[in-house]
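**Student:** I would like the atomic coordinates for the input below:
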Amino acid sequence: MNDVATLHALRPLGLDALFRPRSVAVIGASRSRENIGGQIFHNIVSQEFRGPVYPINPHAIDVQSVPAYASLGDVKGDVDLAVIAVPRAHVMSAIEDCGRKGVSCAIVITAGFGEVGAEGRAAQDALRQRALALGVRIVGPNCLGVLNTDDSVHLHANFAQAWPLAGNISFCSQSGALGLAVLDFARDLGLGLRHFVSIGNKADVSTNDLLEYWEHDDGTNVILLYVESFGNPRRFLEIARRVSRKKPILALKSGRTEAGARAASSHTGALAGTDAAASALLAQAGVVRATTLEELFDAARLLSTQPAASGRGVGILTNAGGPAIIAADALAARGLVVPALAESTRKKLRAVLVPEASVANPVDMVAGAKMTDYDAALPSVLADPSIDAALVVLVPTKAASPEELAPTLARAQSSGKPIAACVLGECDARARAAIEDARVPLYAFPESAAAAFAIAAEYAKLRARPEEVEMEIASAPSPRTSFVGDRWLDPQEVASLLASFAIPVAASEVVRSPGDAGHAAARIGFPVALKLVSSTITHKTDVGGVALNLATADEVRDAYASLERRIEAQGRRAEMEGALVQRMAARGIELFVGMTRDPQFGPLVAFGVGGTYVELFGDVVFRVAPLTVTDADEMIDGIRARKLLDGFRGAPAADRLAIRNVLLAIGRLAVEAPEIAEIDVNPLVAFAPEHGVLAVDARVRVTSTRKS
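**Tutor:** Modelled structure (predicted):
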């Protein structure tokens, strides 16, 4: 297979016709630009699409001075792409016409489908199935359309009026309204777009399809996503993980908050949410998540014009002290570093700058600095071994104006390190255009540049991750066949299940009387703990259901009797199913590992600091199961209290390898046993390196409704 054929085979079927059609038909083209079909037809023609455009309108002889066709079948030539902008009742017949004509792809602009209720969803399903049978790929319905700025194509097949700057950024938006705003302001934002796709209801062509197409598109260097939902999260993970190693993918995911938190019966369920799941999925896929549109576009401008950073060290060069401090604070707040420059670098700077200049970092050349000072100092800053990127801040003065900055920035790019500029003050359109022509992103404020550098550094970190490997977990046959009904497993079932996946569990016995408790403690060995067993009481400590460090059989018997009295006094005696006598664990670091199932993303594994305050502090990270070794390691490093695991203030460090193995085992268990709905292991006590971990308390809920 030759190179062209190989590339063609790798691309999703039909998308060449979407992005590089040889001819386009607009079904529903109108003489009036007030009509969406009329506006789209005008856009395609006026933007000089590099092929024939056919207006389809059975009620007009011509459309905007172009001869019209009563139907698609009347067109004599081939049609690669059809844009459908007719009432919903006529969309199916338009798709039938596309099938008969041999159209490869159709953009369905028309709304009133899956977004409006059950009837619309049924109509959308029927449309998708018919299009699939006819071999027609569909973008939409309920979408804005598509755009390709490639000079050999010039396709403006959407109803936004603005035509953006050409560039190497390809953008997929699930929101047509957001896409309309972005296209209207793309020039002001300095975004150089290659492709723009509004996918609407995603009846057929999805974000996953577009990622696969852009993976092999030489003109696309940066991919932006505005995501409201993931149709197939696991497929997204597989594709994005591969693509992000080649090209940065930046995403803005809406829906960070939930209108109402669902009631949860476990710590994991209470801590997890759709947004946590989305963040986990994006992180595993190597996709950098932006928090705002502004951040998304600021980072895109940096990544699309500058080389990748190799680290987090940023040098600041400025002619004003105040902005230098603001820039340094903004960078530090984003997790970047403003390192001191080497003495050899300082010596070079002293030789070219006035004596009053500060040559540490930030380098403050003082207000009288000329552009020749920027020219002389910037190469030295970039050459410093601790500097991975440079932020050039200019407060316009008579000595140094924005108009002079562009040549300096252009010359400095030979360093191979990323550069961004910030002009704090008036910067006219000509100066701004000159800086953008030098392919250096220009920001109005240091905070915007800091956000862009932080995202670029995060992408560099993600890209440097080792290849993802899932570790096989040795497990004995487990008693999962007995897991029937909707219930919490009893402690012995939980212990057996965890042990079958090589998760160490503290020795224990379930007892139902004071006498049995004393005998069990003698068998297990002192000291022991006594814990309430109940399938309905989630937090045992809240009801006085835990007694620790019991040293004799008499203490154990007394503790059991006291527990019965406390539970009875609370009117909950019927909820007490017995007690667990468990050998006390040695001192270690209390951690939390859990699993819950998200209705969209599937099983989520949680990790954090354990104990009674797990929900209070919420220091928990999530990943979508199954986990790779990299996923598990990033979870361990992802909690705010990770210093505890390294030996905080002289305390022993934790056995990270053992913690990793538990995370991998829970991830594997989540996949292999879909009847398990929730798992809480809290605490999982981690001991010193090479001394392992121990599951001290665990709860597992099973359901008869098997889930993925």
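**Student:** which residues does residue 646 contact?
**Tutor:** Applying Cβ atoms under 8 Å, 6 or more residues apart in numbering, we find residue 646 in contact with 653, 654. In short, each C-beta sits where N, CA and C put it, glycine included.
**Student:** On the pLDDT front, check it for me.
**Tutor:** Predicted confidence (pLDDT) for residue 646: 89.
**Student:** cool, residue 265 as well?
**Tutor:** pLDDT, residue 265: 45.
**Student:** so where's this protein shaky on pLDDT?
**Tutor:** Regions of the chain meeting the criterion pLDDT under 70 cover residues 1-13, 256-274, 468-482, 613, 615-616, 705-708.
**Student:** hmm, try it at 50
**Tutor:** Scanning the chain with the threshold set as pLDDT under 50 gives 1-10, 259-267, 269-270, 471-481.
**Student:** Check which helix or strand the most centrally placed residue in it maps to.
**Tutor:** With distances taken as Cα atoms, centre = their mean, residue 282 lies nearest the centre of the chain, 2.7 Å away. Here residue 282 sits within helix 274-285, counting by DSSP states H and E.
**Student:** For that helix, which outside residues touch it?
**Tutor:** Residues contacting helix 274-285 (Cβ under 8 Å, 6+ apart): 227, 230, 233, 236-237, 240-241, 244, 249, 251, 253, 255-258, 288-289, 462, 598, 600-601, 604, 621-624, 628, 631, 634.
**Student:** Cross-reference these with the helices and report the matches.
**Tutor:** Assigned to helices by DSSP state H, the following of the contacts of helix 274-285 qualify: 233, 236, 237, 240, 241, 462, 631, 634.
**Student:** what about the first one, how many residues close to it?
**Tutor:** Other residues within reach of residue 233 by the criterion other Cβ atoms under 10 Å amount to 20.
**Student:** Skipping adjacent residues, who's closest to it in space?
**Tutor:** residue 601 (4.9 Å; Cβ to Cβ, 6 or more residues apart in numbering).
**Student:** Which helix or strand contains residue 607?
**Tutor:** Going by DSSP H and E, residue 607 is part of strand 602-609.
**Student:** Repeat that for residue 460.
**Tutor:** helix 446-463.
**Student:** Also compute the angle for that helix relative to helix 233-243, please.
**Tutor:** 90 degrees (axes from the mean of the first three to the mean of the last three Cα atoms, to 10 degrees).
**Student:** So for helix 446-463, what gets flagged as buried?
**Tutor:** Neighbour counts over helix 446-463 (16 or more other Cβ atoms under 10 Å) mark 446-460, 462 as buried.
**Student:** Show the residue spans covered by the helices in the stretch 451-600 of the chain.
**Tutor:** In the stretch 451-600 of the chain, the segments counted as helices under DSSP state H, counting those that start in this stretch are 491-500, 514-524, 553-569.
**Student:** Do I have it right that residue 91 meets residue 107?
**Tutor:** No. Residue 91 is beyond contact range of residue 107, at 11.5 Å (criterion: Cβ atoms under 8 Å).
**Student:** For residue 653, state which of the ones in helices among the contacts of helix 274-285 is nearest.
**Tutor:** Minimum distance to residue 653 across these is 18.2 Å, recorded for residue 634 (Cβ to Cβ).
**Student:** now the closest residue to the closest one other than its chain neighbours: how far from residue 637?
**Tutor:** Spatial nearest neighbour of residue 634, chain neighbours left out: residue 283 (7.2 Å); criterion: Cβ to Cβ, 6+ apart. To residue 637, residue 283 is 12 Å away according to Cβ to Cβ, to the nearest Å.
**Student:** Of the two, which one has the most company?
**Tutor:** Just comparing residue 283 and residue 637: by other Cβ under 10 Å the higher neighbour count belongs to residue 283, 21 against 12.
**Student:** what's near enough to touch residue 335?
**Tutor:** Counting by Cβ under 8 Å, 6+ apart, residue 335 makes contact with 312, 454, 457.
**Student:** er, residue 163 actually
**Tutor:** Counting by Cβ under 8 Å, 6+ apart, residue 163 makes contact with 47, 149, 156.
**Student:** Verify the stated contact: the second one with residue 193.
**Tutor:** Yes. Under the criterion of Cβ under 8 Å, residue 149 lies in contact with residue 193, with a separation of 5.9 Å.
**Student:** Need the overlap of contacts for the two.
**Tutor:** Common neighbours of residue 149 and residue 193, using Cβ under 8 Å, 6+ apart, are 164, 165, 166, 167.
**Student:** Among those, which are located in strands?
**Tutor:** 165, 166, 167 (DSSP state E).
**Student:** Enumerate every residue touching the last one.
**Tutor:** Meaning residue 167. Residue 167 makes contact with 149, 191, 192, 193, 194, 304, according to Cβ under 8 Å, 6+ apart.
**Student:** ok, now with 10 Å
**Tutor:** By Cβ atoms under 10 Å, 6 or more residues apart in numbering, the residues touching residue 167 are 149, 186, 190-194, 219-222, 300-301, 304-305, 439.
**Student:** can you check the first one too?
**Tutor:** For residue 165, the set of contacting residues under the criterion of Cβ under 10 Å, 6+ apart consists of 149, 186, 187, 189, 190, 191, 192, 193, 436.
**Student:** export those residues to JSON lines and tack on secondary structure?
**Tutor:** Shown next, in JSON lines, are these (DSSP: H, G, I helix; E, B strand; the rest coil):
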{"residue": "149", "secondary structure": "coil"}
{"residue": "186", "secondary structure": "helix"}
{"residue": "187", "secondary structure": "helix"}
{"residue": "189", "secondary structure": "helix"}
{"residue": "190", "secondary structure": "coil"}
{"residue": "191", "secondary structure": "coil"}
{"residue": "192", "secondary structure": "strand"}
{"residue": "193", "secondary structure": "strand"}
{"residue": "436", "secondary structure": "helix"}
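**Student:** And those residues, which of them are buried?
**Tutor:** By neighbour count, with 16+ other Cβ under 10 Å, these hold 149, 186, 189, 190, 191, 192, 193, 436 as buried.
**Student:** what number of residues lie near the nearest residue to the first one once chain neighbours are set aside?
**Tutor:** Taking Cβ to Cβ, 6+ apart, and ignoring the residues beside it in sequence, residue 149 has residue 166 as its nearest neighbour in space, at 4.0 Å. Here the count is done by other Cβ under 10 Å, and residue 166 has 15 residues near it.
**Student:** so who does residue 166 touch?
**Tutor:** Applying Cβ under 10 Å, 6+ apart to residue 166 gives the contacts 148, 149, 150, 151, 154, 192, 193, 194, 219.
**Student:** Could you export the residues you listed as CSV, including distance to residue 331?
**Tutor:** Formatted as CSV, those follow (distance: Cβ to Cβ, whole Å):
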residue, distance to residue 331
148, 36
149, 33
150, 36
151, 38
154, 40
192, 25
193, 28
194, 30
219, 32
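**Student:** Right, I'll leave it there.
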